[in-house]
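Novice: Provided below are the primary sequence and the corresponding predicted coordinates.
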Amino acid sequence: MTENSKWWRLHHLPFILFLITMVAVVLGGSIRIYDAGESCPDWPQCFGTWGFDVSESEQEAWWAENPDEIDSRGADYRYTVWEIFLEWFHRFVTGMILGPLCIVQCFLAFKRRREMPTVFKAANLALALVIIQGTIGMITVMYDNVPWSVAAHLAGSMFLAISLFWAWIRWMDAEGALPEWMQLDSTESARILPRLYDLSLSTLAVLIFGAFVSTTSGQNLACNVGSLEAWPLCNGSLLVTNASNLAYGHRIFVVVVGAWLLWNIRSMELGTIRRVLNTGVVFYMLNILLGAAYVLTFDDYERILSLMHLMFATFAFLCIGFATVLARNAVFAAERVEEE
């Protein structure tokens with residue numbers, strides 16, 4: 001086996017890391033919907049252990065020894081093994097699988113840094129983001145899932161996903177393995193790239209806004225959820241009370257960004273870009289319906305719809321982000337040719 005054939009098989013490593021990142025996002029969403037974000041009150045251990053099978057009596061003993069760590073539910077609350085497992089497994093996936101593999105990716109990219117410097121930079125960025133994510137996760141535990149830290153944690157995972165997309169595309173391009181459908185016209189890509197940046201940031205803002213709503217006290221119950229008065233209006237009215245401002249503001253923002261998406265993609269003619277953006281818009285529009293179903297059927301299907309709502313919003317952003325990275329790669333490749 002030649003050296004080239006060995007490297008040829010490695011250009012999909014960033015995409016594998018992306019898939020692991022998505023597993024971590026699903027686990028993070030599951031932790032939130034099961035309200036298990038405080039089920040491991042210390043970090044990096046969990047109730048002073050490295051496992052997840054912590055009995056109620058062991059939890060009680062740990063609270064007695066660490067009264068300063070008592071969370072918002074109080075010292076009398078006991079977590080189930082399932083809740084603790086979700087938090088523990090999330091940490092395991094990110095700390096024991098994703099993190100070490102990002103180090104491996106950096107090492108491999110370092111060995112070929114002269115041939116593919118952009119991959120090396122993207123690999124370093126991905127590793128830095130994993131470390132930052134671990135730090136934000138620690139802060140989230142320390143501050144009992146304060147909304148800003150949860151939103152920052154979700155944003156960090158999206159930045160990580162995009163950096164892995166960039167490493168994957170540049171690695172394939174450097175190896176001459178970039179699929180034909182990813183090879184775009186550089187002139188047209190340069191024309192639409194600013195709008196793609198705008199659309200990516202807009203959908204990311206929707207995602208982060210939603211994270212604030214879902215983790216802010218009282219907002220999940222705003223607008224009289226579980227009744228027909230809850231959607232599309234709030235309490236059956238266009239006017240909202242102060243207690244419902246954040247949740248209702250999120251809805252308005254979703255509609256505005258949705259209209260912005262539809263307005264912009266109609267003039268994009270690149271086949272691949274248009275198809276990827278259309279997929280993102282489909283996820284976005286379906287997610288509006290999921291949000292409505294979540295509000296109207298609150299308590300009946302709360303958990304599954306909440307997780308689907310998060311994932312569809314994530315998929316919408318990632319589709320648009322992927323289109324942006326593809327266009328950026330076409331422009332970048334053309335610039336490199338001109339320099340040479």
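Specialist: Great, that's in hand. Residues are numbered from 1 along each chain as shown.

Novice: quick one: the helices in the stretch 151-300 of the chain?
Specialist: Applying DSSP state H, counting those that start in this stretch to the stretch 151-300 of the chain gives helices spanning 186-215, 245-265, 271-296.

Novice: out of those, nearest to residue 317?
Specialist: Each of the helices of the stretch 151-300 of the chain was scored for nearness to residue 317 using Cβ to Cβ, and the closest is helix 186-215 (4.4 Å). For every residue, glycine as well, the C-beta is placed using N, CA and C.

Novice: now for that closest one, which elements pack on it?
Specialist: Judged by 3 or more Cβ pairs under 8 Å, 6 or more residues apart in numbering; DSSP states H and E, the packing partners of helix 186-215 are helix 147-174, helix 245-265, helix 271-296, helix 302-339.

Novice: circling back to that earlier point, nearest to residue 115, of the helices of the stretch 151-300 of the chain?
Specialist: Nearest of those to residue 115, taken as Cβ to Cβ: helix 186-215 at 21.4 Å.

Novice: quick one: that closest one to chain centroid distance?
Specialist: How far helix 186-215 lies from its chain's middle: 13 Å, per Cα atoms, centre = their mean, to the nearest Å.

Novice: what residues sit buried inside that helix?
Specialist: Across helix 186-215, burial judged by 16 or more other Cβ atoms under 10 Å covers 186, 188-189, 191-193, 195-196, 199-200, 202-204, 206-215.

Novice: and what of stretch 101-118?
Specialist: So for stretch 101-118, counting by 16+ other Cβ under 10 Å, buried means 101, 102, 105, 106, 108, 109, 112, 116, 118.

Novice: mind checking what secondary structure the first one has?
Specialist: Just to be clear, that refers to residue 101. Under DSSP: H, G, I helix; E, B strand; the rest coil, the three-state class of residue 101 is helix.

Novice: distance of it from residue 172?
Specialist: Between residue 101 and residue 172 the computed distance is 18 Å (Cβ to Cβ, to the nearest Å).

Novice: that older thread, and the buried residues of stretch 101-118, which of them are in helices?
Specialist: Cross-referencing these against helices under DSSP state H gives 101, 102, 105, 106, 108, 109, 118.

Novice: show me how the chain divides into domains.
Specialist: 1-178, 182-340 (automatic domain parsing).

Novice: least reliable of those domains going by mean pLDDT?
Specialist: For the domains of the chain, mean pLDDT drops lowest on domain 182-340, to a mean of 82.

Novice: possible to save the helices of the stretch 151-300 of the chain as a markdown table with distance to residue 324?
Specialist: Shown next, in a markdown table, are the helices of the stretch 151-300 of the chain (distance: least, Cβ to Cβ, whole Å):
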| stretch | distance to residue 324 |
| --- | --- |
| helix 186-215 | 4 |
| helix 245-265 | 12 |
| helix 271-296 | 9 |
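
Novice: next, count neighbours for the nearest residue in space to residue 99 that is not next to it in sequence.
Specialist: Leaving aside its chain neighbours, residue 99 sits nearest to residue 130 (5.1 Å; criterion: Cβ to Cβ, 6 or more residues apart in numbering). Here the number of neighbours of residue 130 (other Cβ atoms under 10 Å) works out to 25.

Novice: any idea which element residue 130 lies in?
Specialist: According to DSSP states H and E, residue 130 maps onto helix 117-142.

Novice: and the angle for that helix with helix 186-215?
Specialist: Counting by axes from the mean of the first three to the mean of the last three Cα atoms, to 10 degrees, helix 117-142 lies at 10 degrees to helix 186-215.

Novice: helix 117-142: which residues count as buried?
Specialist: When burial is assessed from 16+ other Cβ under 10 Å, helix 117-142 yields the following buried residues: 118-127, 129-130, 133-134, 136-137, 140-141.

Novice: do stretch 255-264 as well
Specialist: By neighbour count on 16+ other Cβ under 10 Å, the buried set for stretch 255-264 is 257, 258, 261, 264.

Novice: find the nearest non-adjacent residue to residue 254, please.
Specialist: residue 206 (5.7 Å).

Novice: centre of the chain to stretch 14-23, how far?
Specialist: Put simply, stretch 14-23 sits 11 Å off its chain's centre (Cα atoms, centre = their mean).

Novice: not counting its own residues, what contacts that stretch?
Specialist: The contact list for stretch 14-23 (Cβ atoms under 8 Å, 6 or more residues apart in numbering) reads 93, 97-98, 101-102, 105, 122-123, 126, 157, 160-161, 164-165, 167-168, 171, 314.

Novice: send the alpha carbons of stretch 290-307 over as CSV?
Specialist: Written as CSV, here are the backbone C-alpha positions of stretch 290-307 (Å, rounded to 0.1, in the frame of the first residue of the first chain):
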residue,chain,number,x,y,z
LEU,A,290,-43.1,21.3,14.9
GLY,A,291,-43.0,24.4,17.1
ALA,A,292,-46.7,24.8,16.8
ALA,A,293,-47.3,21.1,17.6
TYR,A,294,-45.1,21.4,20.6
VAL,A,295,-47.0,24.5,21.9
LEU,A,296,-50.5,23.1,21.2
THR,A,297,-49.9,19.6,22.6
PHE,A,298,-47.7,20.6,25.5
ASP,A,299,-47.4,17.8,28.2
ASP,A,300,-48.7,15.1,25.8
TYR,A,301,-45.7,15.0,23.4
GLU,A,302,-43.4,17.5,25.1
ARG,A,303,-40.2,15.6,25.1
ILE,A,304,-40.1,14.1,21.6
LEU,A,305,-41.4,17.2,20.0
SER,A,306,-38.9,19.4,21.9
LEU,A,307,-36.0,17.2,20.7
